[in-house]
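[1] sequence first, then the predicted structure:
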Amino acid sequence: MTGDKTAGDPVVTPPLEPESRPDPGSVSRHARPGLSGLADGALEEWLASEGQPAYRARQIRDAIWRQNAQTAEEMLTLPAAFRSRLAHAFRIDTIVEDEIRLADAGLTEKTLHLLSDGALIESVLMHYPARGFAGSSRPLHRERHTLCISSQAGCAVGCPFCATGELGLGRDLETAEIVDQVRHAASRLAATGRNLTNVVFMGMGEPLLNLDRVLEAVAILSDPRQFGLGARHVVVSTSGVVPGIRRLTALGPQFTLAVSLHAARDPLRDVLVPLNRRWPVAEVVAASRDHALATGRRVSYEYVMISGVNDTDVDADALATLLRGDLAHVNLIPMNPVAHTPWTASPPERVAQFAARIRRSGVGVTVRANRGQDAGAACGQLAADRAGELPAAAVARRRDAIVRQSEAALRGGRSSEGLSADLAAAIRSGAAR
Ligand code: SF4
């Protein structure tokens, strides 16, 4: 294909046709706040202003988090007149489960949620059966049910291997819209006698560009009066928002930090994770290293394996050099196919060789299984499907640019392209100041 660019050539990714992007102006916010996302003390304050006794707060939280009430009418411990007052002041539920697709023989449930302004987001519930009985009746690994949730509708970062990145940023999610994804999944599990055990912020969006809302959501999820999930069972990922990582470090250990690395060399990471043009990989890893040292918590580095792009021995060695001696663990994930890229997942034998090379340097590594291949596994794929097919010419131009960029990067040429206007605006308005 187009190997006509020299290593130093600037390469520019053509924007997709305007009609293929969500219209940010079409996003209108709902006036009533979501009940499940109220900050600590806000519910008590409102109850006092309504002349209600303080114990109503516990009744309401129990209804939200223990009975998974989705309407005020289901909150039977409250007086009927007060239920209608509550429904008038707050949205009891902020998301609708618009479509659920099962994959992996039922072990993966991918859900498309419709928000009140028409925005679409995704969550993925993954079931991990108990395994490894060591000669006793107790399993070595207990049954787990992990929910991957979204923090934004769409994403401004624009990683070219990600379906969400192609959608662009719609908007930040409200706190209630984040935690209601958890309420819905927990409710579905409870109906079959199971509990949600882990929550990971690895769905649509860059969590650290909506950090205030994400921190509020984590506080609610770990509050024993609300969802009560232990901090060790929550993972927040970032593609490398360095000021956000530093802010988390200052706050102390609240959850596990995961960094979506995907490349250890700047020229390639500029292409795979465009945020790298703002915070290069060494800065990202330095901030993550400080986080691990300050919190005593190992940082996870996620690495999507793309055949012939970031899975070479040179890349493995660069990754090992970058992380050697750190409190770090690498997760290798074969890429999920998405329509707008020509790339495919690295073959299993290449992934195994890559993993072995990193392991030899003393860095821990795990090869993760791909989940949800038969249900539009790529992050944002369901929402992208719903948005409709991109014009063929736009897809062809996008593929062409991605190949040119990655070929130049593999020759060591660093793109002179700056941040996209969307990403620069998202950084300005996000937690990255
Ligand atoms: S991989 Fe994550 S950060 Fe990159 S575009 Fe997709 S959602 Fe955004």
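    Looks like it came in fine.
[2] going by C-alpha atoms from here, please, whenever you check contacts or count neighbours.
    Will do.
[3] burial count for P33?
    Counted with other C-alpha atoms under 10 Å, residues neighbouring P33 total 18.
[4] all further residue positions should be reported with the first residue as 21.
    OK, 21 is where the count begins now, so the last one is P53.
[5] what sits closest to it if chain neighbours are left out?
    The shortest distance from P53 to any non-neighbouring residue, by C-alpha to C-alpha, 6 or more residues apart in numbering, is to F110 (5.3 Å).
[6] my guess is the one you found meets L58, correct?
    No: contact criterion C-alpha atoms under 8 Å: F110 and L58 do not qualify, at 9.7 Å.
[7] quick one: end-to-end distance for stretch 338-354.
    From its first residue to its last, stretch 338-354 covers 19 Å (C-alpha to C-alpha, to the nearest Å).
[8] can you map out the helices along the stretch 21-170 of the chain?
    62-69, 75-85, 100-109 (DSSP state H, counting those that start in this stretch).
[9] domain assignment for this structure?
    58-109, 115-152+160-449 (automatic domain parsing).
[10] from A74, how far off is G250?
    Counting by C-alpha to C-alpha, the gap from G250 to A74 is 26 Å.
[11] quick check on V387: phi, psi?
    Torsion angles at V387 (phi, psi; degrees, to the nearest 10) stand at phi -90, psi 120.
[12] contacts only, for the nearest residue to it once chain neighbours are set aside.
    Excluding the flanking residues, the one nearest V387 by C-alpha to C-alpha, 6+ apart is L352, at 4.8 Å. L352 is in contact with 322-325, 371, 375, 385-388, counting by C-alpha atoms under 8 Å, 6 or more residues apart in numbering.
[13] may I see the residues you listed organised as CSV, with secondary structure and pLDDT added?
    Below are the contacts of L352 laid out as CSV (DSSP: H, G, I helix; E, B strand; the rest coil; pLDDT from 0 to 100):
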residue, secondary structure, pLDDT
E322, strand, 97
Y323, strand, 98
V324, strand, 96
M325, strand, 96
V371, helix, 97
A375, helix, 98
V385, strand, 97
T386, strand, 96
V387, strand, 96
R388, coil, 91
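[14] of these, which is the most crowded?
    Neighbour tally across the contacts of L352 (other C-alpha under 10 Å): the maximum, 27 neighbours, falls on M325.
[15] what's the local residue count around the residue nearest to that residue when sequence neighbours are not counted?
    Spatial nearest neighbour of M325, chain neighbours left out: P354 (4.7 Å); criterion: C-alpha to C-alpha, 6+ apart. P354 is flanked by 22 other residues according to other C-alpha under 10 Å.
[16] same deal with N230?
    For N230, the neighbour count with other C-alpha under 10 Å is 24.
[17] ok, the nearest residue to it once chain neighbours are set aside to Q172 distance?
    The shortest distance from N230 to any residue other than its chain neighbours is 5.7 Å, reached at G450 (C-alpha to C-alpha, 6+ apart). Noted for G450: a distance of 11 Å to Q172, by C-alpha to C-alpha.
[18] what is whichever helix in the chain runs longest packed up against?
    Secondary structure of the chain per DSSP state H: the longest helix is helix 412-430. Packing partners of helix 412-430 (3 or more C-alpha pairs under 8 Å, 6 or more residues apart in numbering; DSSP states H and E): helix 286-292.
[19] next to the ligand, which bits of this structure? Give me the list.
    Residues of the chain lying near the ligand by C-alpha under 6 Å from any ligand atom: 175, 177-179, 182, 184-185, 224-226, 259.
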